[in-house]
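Participant: model the structure of this input:
(2 chains)
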Amino acid sequence: MAALLQLRGITKEYRGNPAVKDIDFDVVQGEVHAILGENGAGKSTLTKIMAGVVEPTAGTMTMDGKTVGFASPAEAMAHGITMVFQETSLVPTMSVAQNLYLGEEKLFNRLRGVYIAAQQFLQSLNFPVDPTRDVASLGAAQRQMVEIARSVRANARVIIFDEPTASLTPEEKGHFFSLIRRLVARGVTIIFISHALEEALQISDRITILRDGEHVVTDKTSAFDRDSIIRAMVGRTLSHEVYGEGQSRKARARGERMLSIQNLSMGSMVKNTSFSVYSGQVTSLFGLIGSGRTETAKLIAGIFKRKSRNGGEIKFAGRSVRYRTPRQAVKDGIVYVTEDRKIEGFFETMSIAENLQVNLAAAGLNRGQIVNMAELRELADHWVKALNVRALNGDARVIELSGGNQQKVVIARSLLQKPRVVIFDEPTKGVDVGAIVEIHQLIGRLADSGMSVIVISSYLPEILAISDRVLVYRQGRVVEEFSPQDATTEKIMYAAVH
Amino acid sequence: MRRLSWRLGGGNAKGVTVPPMDGALKPNRALEEAADVVRIPAPDNLVRDGDRLRFTCGPILYSMDTSAGAAAVTEVTRFDSDVSALACDGAGGYAVGLDSGDIVYWGALGGLAPIRPAVRLAPTAMTFDGHGKLYVCSGSRTHRPSGWKRDLVERNESGSVWAFDGKTGHGVCLADGLAFPYGVTLAGGGDAILVAESWKHRLLLIETATDREVREPEVVLDDLPGYPARIAAGSNGYWLSIFAPRGQLMEFVLREDEYRQRMINTIDPKFWMAPSLASGRSFLEPLQLGAIRTMGALKAWAPTRSYGLLVHLDSRYQPTGSAHSRSDGTRHGVTSCLQWEDRVLAASKGGDLVLSLPVDEFAGE
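Facilitator: Here you go, the predicted structure:
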């Protein structure tokens, strides 16, 4: 079948460093094409070139046999190529309907008409989203749905998804996959990037694997299995190494009870939940999206203020605490490593050293008002080395790092604040398999050193690989506790759903 | 002033919370599935005397040959009042605390002098130290041990811990102003005693080796999710019986002075909204006709006032494992426990039986 879109010899360099090198890539009309690779492999760069977000340094792109070049996403969209980003590009202060029809406003708009049209359109996609709600009030999964709906509305011929299912529940994933099948039946081509290999194997027709910015292989999905994909991605088999599948592990001994969460409540998200966290252990919180795990963590870390009368109680090392700001929690030794690193995790245009300086100041660990840049660089270099951040030195800007290395910077920012309790929220979300191993090892080392570690994760193999205790969240509260010996994916999922 | 205080966030304005049962206290059905030792109404005060198990039911002291099973239970003696505390000196002699407040000796006690404290005691627990000293917990200055529920809802803190000299009968108050001390055992290599302060849900370590007049108790375990009762020394630590759970509703009632006063004045103590050794036996009990809507369906539900819980503590007095009889179980109100070789015995006063569990299974790591 003739290729709809052809890329030949595509290269993109940033400051002389190639992000992708000499890549040949074809997309056939009406196929689902998965692009896989570790973080930093060049997947995002390649798809951004197709969507007109970045321009290639070298190479040619042809569509329907004609050479094309996109200077902007609008030009790509005019040719029928749209991209749904991992971090949504919606306007948070506008309603869902307004976001769907953004850019198509008439001189006079009847809001009710827009809402009705949006409602009908969302229903046709089977997306349960209220079109009158502000985007800011939606959860990650619903934002993703709106983003997808916007692309579908634009009648795109090629839709590129960057990690489309990362924030979706299993049920929502089912809806999403059926949507993809409906789009493909209409002749739309789907390209998607995912770290969930099972999804790629399940939904795609062809798979392309990139490694270190270079094309490794493109073949029919039936020619791959999980291990062969991983081997192609990283050059070695990592299944056992990453998640320790099939290996039995013993829980670390409980230390002192560092946190006692008692009848914690916040609106409809956290409902009278109680649990304890001990030093020297990794306590994992598993639950479906919207089950209230992140909100609980943010209440503990002072990011959300707890109501004094009906918000429950948090006891830190036996002392009742109520933080009004994260700074107070940080000073006590509680830090939160965000799941949304690009928005909350760092200042992307600042260097690693400058990012670290901000957290030093927040924890009150900086000496005086004048920053000693030499000391700061030394500190940054120390953390770059300690966490194996792949950057030249501490002066590297965070925006130039890959997802896994950015995550390490976010972790470093928290760890330099000398915490006693570290809360990791989805620590390996959007992180390549190599970095996953390193982050898991780091979490283990922190627990071994006597720290209390809380890990929020939606990925069961990760939960099983690193936890000393698994607490399952459902509808705003902890409903079940498992030890590593008792925990199985089936039991945990059953507790989370039923 | 109370309203102003509430508005300013002081006083009772703080939310009602209870600690979670997780980690070492993670619920299971171990007590429910434990082997029966003997079924008898309201057993209490388990002590070991050589090869025999002694325990009490109301005013009767029983003896049991554990190797012969339930058939070997024999009545030893009967007292004028219910037995509220019992200790064995290991040589065939006993100290018996009665609900009337008396402490009497029974059996061959090797020349102990009679104990006649200057103040009225309510003996709730006692233990010998092996050198002729008897440590006694007195739950309250105003109520008998059997009036524990009234003492709780009145929020009294008039309990005390005493050390009596076996030779002279002279007693020294080691700690006063405690909120119903309900369990005592030797700790710290014999230089201290571990005391369960029930209404404050905590364990205290009180130094005994010192000659100081004032001994400041050290809190070694706080914020228990229930009301602690008797403590027994075990291999690698201690066993702690918890006779009733804490619940948000009960904690709330304990804060509401006017409500409590009306409850005390008008309702039979059996039906108070307060901890209990057993529950669900009468439709008159609070909230037995309650319901909760779950997934759109109305289901019968009431907050439990009773629970069965036995906890193993390590040598640092931290919980390492536990055995439970949950809200839907019957083996509630565990008031006494005792390690017997590789098993631990527990008296479920609310469940009317003595039961036995293997130590290794529940002592935790």
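Participant: any idea which element residue 176 lies in?
Facilitator: Chain wasn't specified; assuming chain A. For residue A:176, the enclosing helix or strand under DSSP states H and E is helix A:170-185.
Participant: let me rephrase: I mean chain B.
Facilitator: With DSSP H and E as the criterion, residue B:176 is inside strand B:171-178.
Participant: tell me which other helices or strands that strand touches.
Facilitator: strand B:159-165, strand B:192-197, strand B:202-207 (3 or more CB pairs under 8 Å, 6 or more residues apart in numbering or on different chains; DSSP states H and E). Using the backbone N, CA and C atoms, a C-beta is placed for each residue, glycine as well.
Participant: how is chain A carved up into domains?
Facilitator: Per automatic domain parsing, the domain ranges recorded for chain A read A:3-243, A:258-497.
Participant: pick the most deeply packed of these.
Facilitator: Across the domains of chain A, averaging neighbours per residue (mean count of other CB atoms under 10 Å in any protein chain shown) puts domain A:258-497 on top, at a mean of 20.
Participant: averaged pLDDT, that domain. What do you get?
Facilitator: With pLDDT averaged residue by residue, domain A:258-497 scores 87.
Participant: can you give me the pLDDT of residue B:58?
Facilitator: Note on residue B:58: pLDDT of 95.
Participant: that should have said residue A:80, apologies.
Facilitator: 87.
Participant: list the contacts for the closest residue to it other than its chain neighbours?
Facilitator: Taking CB to CB, 6 or more residues apart in numbering or on different chains as the measure, residue A:80 lies nearest to residue A:157, with 3.4 Å between them; neighbours along the chain are not counted. Residue A:157 makes contact with A:4, A:29, A:79, A:80, A:81, A:187, A:188, A:189, according to CB atoms under 8 Å, 6 or more residues apart in numbering or on different chains.
Participant: which one, of the helices and strands packed on strand B:171-178, ends up nearest to chain A?
Facilitator: With CB to the nearest CB, the closest approach to chain A among those belongs to strand B:202-207: 10.8 Å.
Participant: enumerate the positions of the closest one that are buried.
Facilitator: By neighbour count, with 16 or more other CB atoms under 10 Å in any protein chain shown as the criterion, the buried positions of strand B:202-207 are B:202, B:203, B:204, B:205, B:206.
Participant: show me the beta-bridge partners of the fourth one.
Facilitator: Using DSSP bridges, the bridge partners assigned to residue B:205 are residue B:194, residue B:218.
Participant: contacting residues around it?
Facilitator: B:187, B:188, B:192, B:193, B:194, B:195, B:217, B:218, B:220, B:317.
Participant: Throw the residues you listed into a markdown table and include neighbour count and distance to residue A:466, thanks.
Facilitator: Below are the contacts of residue B:205 laid out as a markdown table (neighbours: other CB atoms under 10 Å in any protein chain shown; distance: CB to CB, whole Å):
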| residue | neighbour count | distance to residue A:466 |
| --- | --- | --- |
| B:187 | 21 | 37 |
| B:188 | 16 | 38 |
| B:192 | 21 | 40 |
| B:193 | 27 | 42 |
| B:194 | 23 | 37 |
| B:195 | 29 | 40 |
| B:217 | 20 | 40 |
| B:218 | 13 | 36 |
| B:220 | 18 | 32 |
| B:317 | 19 | 30 |
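Participant: one step back: can you check what angle separates the strand holding residue B:176 from strand B:192-197?
Facilitator: Here the directions of strand B:171-178 and strand B:192-197 differ by 40 degrees (axes from the mean of the first three to the mean of the last three CA atoms, to 10 degrees).
Participant: just checking: what are the partner strands of strand B:171-178?
Facilitator: In the sheet containing strand B:171-178, its partner strands are strand B:159-165 (antiparallel), by DSSP bridges.
Participant: show me which residues of the stretch 301-450 of chain A sit near chain B.
Facilitator: Taking CB under 8 Å from any CB of the partner chain as the measure of proximity, the stretch 301-450 of chain A contacts chain B at A:307, A:308, A:309, A:310, A:311, A:312, A:313, A:315, A:318.
Participant: name the element the residue nearest the centre of chain A belongs to?
Facilitator: Residue closest to the average C-alpha location in chain A (CA atoms, centre = their mean): residue A:429, at 3.9 Å. Here residue A:429 sits in a region with no helix or strand, counting by DSSP H and E.
Participant: now swap in residue A:148 and tell me
Facilitator: Applying DSSP H and E as the criterion places residue A:148 in helix A:140-153.
Participant: list the contacts of residue 148.
Facilitator: Just so you know, I chose chain A. Residues in contact with residue A:148 (CB under 8 Å, 6+ apart) are A:84, A:125, A:127, A:161, A:164, A:176, A:179.
Participant: let me rephrase: I mean chain B.
Facilitator: Applying CB under 8 Å, 6+ apart, we find residue B:148 in contact with B:124, B:139, B:140, B:180, B:182.
Participant: in strands only, show me the residues you listed.
Facilitator: Those of the contacts of residue B:148 mapping onto strands are B:124, B:182, per DSSP state E.
Participant: could you dump the contacts of residue B:148 into CSV with neighbour count and pLDDT added?
Facilitator: Rendered in CSV, the data for these read as follows (neighbours: other CB atoms under 10 Å in any protein chain shown; pLDDT from 0 to 100):
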residue, neighbour count, pLDDT
B:124, 28, 97
B:139, 31, 95
B:140, 27, 95
B:180, 27, 97
B:182, 27, 97
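Participant: report the two of the contacts of residue B:148 separated the most.
Facilitator: B:140 and B:182 (10.4 Å; CB to CB).
Participant: ok, so what distance separates the residue of the stretch 51-200 of chain A found nearest chain B from residue A:178?
Facilitator: Residue of the stretch 51-200 of chain A nearest chain B, by CB to the nearest CB: residue A:171 (16.4 Å). To residue A:178, residue A:171 is 11 Å away according to CB to CB, to the nearest Å.
Participant: ditto for residue B:262
Facilitator: From residue B:262 across to residue A:178, the span is 61 Å (CB to CB).
Participant: before we move on, back to that, in CSV: the contacts of residue A:148, plus secondary structure, distance to residue B:346 and pLDDT.
Facilitator: Shown next, in CSV, are the contacts of residue A:148 (DSSP: H, G, I helix; E, B strand; the rest coil; distance: CB to CB, whole Å; pLDDT from 0 to 100):
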residue, secondary structure, distance to residue B:346, pLDDT
A:84, strand, 60, 82
A:125, coil, 59, 76
A:127, coil, 56, 75
A:161, strand, 59, 87
A:164, coil, 55, 77
A:176, helix, 53, 78
A:179, helix, 58, 79
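Participant: look at residue B:186 and give its secondary structure.
Facilitator: Under the three-state scheme (DSSP: H, G, I helix; E, B strand; the rest coil), residue B:186 adopts strand.
Participant: how about the contacts made by it?
Facilitator: Applying CB under 8 Å, 6+ apart, we find residue B:186 in contact with B:127, B:129, B:130, B:135, B:192, B:193, B:194, B:233.
Participant: look at the last one and report its pLDDT.
Facilitator: Predicted confidence (pLDDT) for residue B:233: 93.
Participant: what's the answer for the fourth one, then?
Facilitator: Reading off the confidence values, residue B:135 has pLDDT 94.
Participant: hang on, it packs against residue B:160?
Facilitator: No - using CB atoms under 8 Å, residue B:135 and residue B:160 do not qualify as a contacting pair, with a distance of 11.3 Å.
Participant: now do the shared contacts for the two.
Facilitator: Common neighbours of residue B:135 and residue B:160 are listed as residue B:174 (criterion: CB under 8 Å, 6+ apart).
Participant: can you check what angle separates the helix holding residue A:148 from helix A:170-185?
Facilitator: Using the same axes, to 10 degrees, helix A:140-153 lies at 10 degrees relative to helix A:170-185.
Participant: pull helix A:140-153 out as CSV, backbone CA atoms only.
Facilitator: Presented in CSV, the C-alpha positions along helix A:140-153 are these (Å, rounded to 0.1, in the frame of the first residue of the first chain):
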residue,chain,number,x,y,z
ALA,A,140,-6.2,14.3,33.9
ALA,A,141,-8.2,11.6,32.1
GLN,A,142,-11.0,13.9,31.2
ARG,A,143,-8.6,16.5,30.0
GLN,A,144,-7.1,13.9,27.8
MET,A,145,-10.5,13.1,26.4
VAL,A,146,-11.2,16.7,25.6
GLU,A,147,-7.8,16.9,23.8
ILE,A,148,-8.6,13.8,21.8
ALA,A,149,-12.1,15.1,21.0
ARG,A,150,-10.5,18.3,19.7
SER,A,151,-8.3,16.5,17.3
VAL,A,152,-11.2,14.3,16.1
ARG,A,153,-13.2,17.4,15.5
